[in-house]
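S.K.: Give me the fold of what follows.
(one chain, ligands or ions: 1)
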Amino acid sequence: MSTLRILVVGVAIAFLSAALLERWLRAHPDPQAPPVLYPRIPFIGHIIGLLTEGANYYKITSARCRHPIYTLPMLSSQTYVVTSPHLANYIQRASSTLLFEPIILPVTQRLVGFSNATVEAFRDYEAKKAKQPSFMDRMHNTLYSLMGPAEIKYQGSIVLEQISQRLNALPDCDRPLFEWCRELFVEVTTYAFYGPENPFELYPGLVKDYWVWEDGLIGVMASPLPQVTARKAYLAREKVAKTMIEYVEKERHIKASPVIQERIRMHKALGVSLEDRGRSEFGMLFGTLVNGSITVFWVLNYIFSRPQLMEELRAEIQKGAFSVDHSTNTAKISFEGLRDGCPLLNSVFRETLRLIAPMTSARFVTEDTIVADTYKLRAQSVVQIAGGVLHSDEEVWGPDSREFNPQRFISTPNGTKTSSTDAEKRSVHPAAFRGFGGGTVFCPGRHFAQIEILSLVAGLLMGWDFETPKGKESIEWDPPKDEKRIPIGVMKPLRDVVVSMKRREEMRGLKWALQMS
Ligand code: HEM
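M.R.: You can find the predicted model right below:
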């Protein structure tokens with residue numbers, strides 16, 4: 001028989017067996033398992049759905065299977081999708097059997113191009129066997145202990161100084177807002193984490209390469225031959241990764257933040273090669289740069305497209321965080337004032353994340369686990385808390401769940417349900433807001449992100465007007481979101497928004513100083 005015939009017969013047999021197995025399973029459901037939503041195409045239907053619909057797919061399946069947790073069979077395994085805050089809380093707490101590590105290691109390997117030896121070193125079997133904290137546990141603790149609200153103050157003051165310098169040098173002109181936000185964020189954030197000799201400071205064009213890679217990263221990760229199928233993004237990744245390897249080799253991290261110095265020290269102590277120490281820092285850039293840059297764009301979009309909200313926010317900032325030092329002609333904005341004295345601004349920040357964050361907190365089930373005394377999750381499966389579904393659920397947020405409501409988080413960081421008269425029902429379950437994840441994988445960068453995002457937005461609100469650019473009748477706010485991308489981060493706009501950024505007349509001549517207090 002020819003190879004082609006063998007292949008065709010093999011595929012046919014595989015499909016037939018899958019169809020028979022599926023029939024048998026439908027006839028003999030496990031009473032403890034979450035209800036199963038079978039795909040229309042056996043075996044691979046949900047995989048195709050995820051690849052083509054991205055973040056949207058769980059909304060589609062959740063509309064078909066209205067249950068707090070359900071099963072999507074995929075190849076020989078299954079994914080459990082959690083859509084209720086109550087169950088999300090259980091999943092977060094079952095951190096001894098539902099683990100992040102078996103998911104994040106292979107994902108990071110594909111993201112940055114680690115060698116297998118490095119991944120094996122990260123698994124740190126010796127420490128696990130000796131019941132000691134593994135390398136990943138120690139790295140996790142390092143991130144959380146060096147990035148708490150008190151520890152991050154110094155780095156916060158560096159990033160605010162960098163943003164102030166750029167605002168002071170900003171000429172009035174038309175500019176694509178998203179492109180501007182992401183270039184500024186890459187520059188100031190890498191300066192704060194990686195110090196004055198970071199690669200983006202030394203090689204100014206590099207920021208463009210970074211975003212070329214980010215645009216094409218799913219293609220790089222999904223392909224066995226990315227150098228052929230996703231060449232542009234692959235080459236951009238390699239270019240940026242090489243500069244991070246050079247950064248580590250030349251020991252430029254001596255002037256970096258404590259968290260980066262400690263990460264590089266720990267990787268070296270584990271015996272990770274120079275190449276992979278650089279690649280690991282390249283991977284860290286994804287956490288530090290991508291979500292923040294995209295989020296700040298959307299916060300500006302939601303505010304500046306609503307003149308009344310803009311005025312309310314200006315009044316709030318004026319009262320809670322703004323001052324002018326006339327002796328030096330300096331306008332000052334205090335982050336602590338923004339954090340503690342500007343509830344509307346903080347509410348807008350969280351409401352923006354609610355609408356743009358579809359991430360799915362994925363965990364690997366290492367042993368059979370009973371959740372909420374009811375559902376059995378089988379070992380070797382994946383369970384995902386569907387952030388996008390939770391964030392748009394009317395049951396959770398009220399009838400305006402798909403709209404932007406700037407007041408939603410004003411009285412509590414968990415948010416309140418709209419149009420409910422019963423006070424008790426109004427408060428939203430704390431696990432419903434997934435913008436920064438939850439449980440043991442609660443974003444360690446959230447305090448830092450809050451410093452840069454609130455401060456930049458407040459600076460622009462107080463000092464700048466966004467007007468219609470030349471040749472347009474109005475600013476084209478509210479671009480569509482890339483809802484069809486696999487949900488590994490917040491959603492990007494599918495087109496840019498050009499604005500004419502002009503200093504407000506009453507603030508002309510002032511220098512800007514964004515400060516921590
Ligand atoms: C608006 C900005 C940000 C958003 C929306 C965001 C969102 C998230 C989310 C949802 C997770 C949890 C992932 C999961 O459960 O699977 C996470 C984890 C993480 N974030 Fe952020 N993040 C932001 C900014 C940052 C910054 C500035 C850093 C800088 C260090 C950072 C570093 C990380 C890291 C290292 C993890 C993994 C933590 C671990 O391994 O335990 N993030 N982030």
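S.K.: Next one: the residue nearest to the spatial centre of the chain from the ligand, what distance?
M.R.: For the chain, the residue whose C-alpha lies nearest the mean C-alpha position (Cα atoms, centre = their mean) is G489; its distance is 3.6 Å. The span separating G489 from the ligand equals 7 Å under the rule Cβ to the nearest ligand atom, to the nearest Å. C-beta here means a position set from N, CA and C on the backbone, and glycine is covered the same way.
S.K.: May I ask which helix or strand encompasses the residue nearest to W512 when sequence neighbours are not counted?
M.R.: The spatially closest residue to W512, leaving aside those adjacent along the chain, is L167, at 4.7 Å (Cβ to Cβ, 6 or more residues apart in numbering). Under DSSP states H and E, the secondary-structure element containing L167 is helix 153-168.
S.K.: What pairs with the very next helix or strand once past that helix, parallel or antiparallel?
M.R.: Scanning the chain past helix 153-168 towards its C-terminal end, the next helix or strand to appear is strand 173-176 (assignment: DSSP H and E). Taking DSSP bridges as the criterion, strand 173-176 forms sheet pairs with strand 498-503 (antiparallel).
S.K.: Give me the neighbour count for E505.
M.R.: Around E505 sit 8 other residues, with neighbours defined as other Cβ atoms under 10 Å.
S.K.: likewise E506?
M.R.: E506 is surrounded by 9 other residues when neighbours are defined as other Cβ under 10 Å.
S.K.: residues touching S145, list them.
M.R.: E151 (Cβ atoms under 8 Å, 6 or more residues apart in numbering).
S.K.: Write out the residues of the stretch 51-200 of the chain neighbouring the ligand.
M.R.: In this structure, the stretch 51-200 of the chain approaches the ligand at residues 140, 143, judged by Cβ under 6 Å from any ligand atom.
S.K.: and the residue nearest to P258 when sequence neighbours are not counted, how many neighbours does it have?
M.R.: The shortest distance from P258 to any non-neighbouring residue, by Cβ to Cβ, 6+ apart, is to L146 (5.3 Å). Using other Cβ under 10 Å, L146 has 18 neighbouring residues.
S.K.: Could you check how far L146 is from R66?
M.R.: If you measure L146 against R66 using Cβ to Cβ, to the nearest Å, the figure is 43 Å.
S.K.: swap in I47?
M.R.: On the measure of Cβ to Cβ, I47 and R66 end up 22 Å apart.
S.K.: Specify which residue of those two has the higher count of neighbours.
M.R.: Just comparing I47 and R66: by other Cβ under 10 Å the higher neighbour count belongs to I47, 16 against 10.
S.K.: give me the element that one is part of.
M.R.: With secondary structure defined by DSSP H and E, I47 is part of helix 45-53.
S.K.: Show me which positions of that helix end up buried.
M.R.: Judged by neighbour count using 16 or more other Cβ atoms under 10 Å, the buried positions of helix 45-53 are 45-47, 49-50, 53.
S.K.: Turn the residues you listed into JSON lines, columns for pLDDT.
M.R.: As requested, the buried residues of helix 45-53 are exported to JSON lines (pLDDT from 0 to 100):
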{"residue": "G45", "pLDDT": "93"}
{"residue": "H46", "pLDDT": "94"}
{"residue": "I47", "pLDDT": "92"}
{"residue": "G49", "pLDDT": "95"}
{"residue": "L50", "pLDDT": "92"}
{"residue": "E53", "pLDDT": "94"}
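S.K.: Let me have those in a markdown table, extended by distance to I6.
M.R.: Converted to a markdown table, the buried residues of helix 45-53 look like this (distance: Cβ to Cβ, whole Å):
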| residue | distance to I6 |
| --- | --- |
| G45 | 25 |
| H46 | 28 |
| I47 | 24 |
| G49 | 29 |
| L50 | 30 |
| E53 | 33 |
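S.K.: Show me which positions of stretch 369-383 end up buried.
M.R.: If you call a residue buried by 16+ other Cβ under 10 Å, then stretch 369-383 has these buried ones: 369, 371, 375, 377-378, 381-383.
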